[in-house]
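1. structure of the sequence below:
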Amino acid sequence: MSVNDSHTVCDDIENEIMKRFPDTSVNIHVEPCEPHKTNCQQTCSIYQKGVLQ
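-> Numbers count the residues shown, from 1 in each chain. Okay, here's the model as predicted:
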């Protein structure tokens, strides 16, 4: 999933939470998958397939 698509999903989640809890402040932060820059130990199937280079 792209970071842009992730932001859209997060916006929807944030809006739903704020509808249910009107006095709530919600902020979901999305980070791109960059295991080569962060020494991430996760084995992501998308990364393994070469989609993220």
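
2. tally of neighbours for residue 10?
-> Neighbour count of residue 10, defined by other Cβ atoms under 10 Å: 15. C-beta here means a position set from N, CA and C on the backbone, and glycine is covered the same way.

3. could you measure from residue 13 over to residue 26?
-> Counting by Cβ to Cβ, to the nearest Å, the gap from residue 13 to residue 26 is 8 Å.

4. burial check on the closest residue to residue 3 other than its chain neighbours, number of neighbours?
-> The spatial neighbour of residue 3 that comes closest, neighbours along the chain excluded (Cβ to Cβ, 6 or more residues apart in numbering), is residue 32 at 5.0 Å. Using other Cβ under 10 Å, the number of residues around residue 32 comes to 10.

5. which SSE is residue 32 in?
-> With the criterion set as DSSP states H and E, no secondary-structure element contains residue 32; it sits in neither a helix nor a strand.

6. hang on, it packs against residue 4?
-> No: counting by Cβ atoms under 8 Å, residue 32 sits too far from residue 4 to count as a contact (10.2 Å).

7. just the CA trace of the one helix or strand residue 12 maps to, in PDB.
-> Here residue 12 sits within helix 3-20, counting by DSSP H and E. Taking Å, rounded to 0.1, in the frame of the first residue of the first chain, the C-alpha atoms of helix 3-20 are listed here in PDB:
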ATOM      1  CA  VAL A   3       1.900   6.100   1.800                       C
ATOM      2  CA  ASN A   4      -0.800   8.200   0.000                       C
ATOM      3  CA  ASP A   5      -3.300   5.300   0.200                       C
ATOM      4  CA  SER A   6      -2.300   4.700   3.800                       C
ATOM      5  CA  HIS A   7      -3.100   8.300   4.600                       C
ATOM      6  CA  THR A   8      -6.600   8.000   3.100                       C
ATOM      7  CA  VAL A   9      -7.300   4.900   5.200                       C
ATOM      8  CA  CYS A  10      -5.900   6.600   8.300                       C
ATOM      9  CA  ASP A  11      -8.100   9.700   7.600                       C
ATOM     10  CA  ASP A  12     -11.200   7.400   7.500                       C
ATOM     11  CA  ILE A  13     -10.200   5.700  10.700                       C
ATOM     12  CA  GLU A  14      -9.500   9.000  12.500                       C
ATOM     13  CA  ASN A  15     -12.900  10.400  11.300                       C
ATOM     14  CA  GLU A  16     -14.800   7.300  12.500                       C
ATOM     15  CA  ILE A  17     -13.100   7.500  15.900                       C
ATOM     16  CA  MET A  18     -13.900  11.200  16.200                       C
ATOM     17  CA  LYS A  19     -17.600  10.500  15.300                       C
ATOM     18  CA  ARG A  20     -17.800   8.000  18.100                       C
END
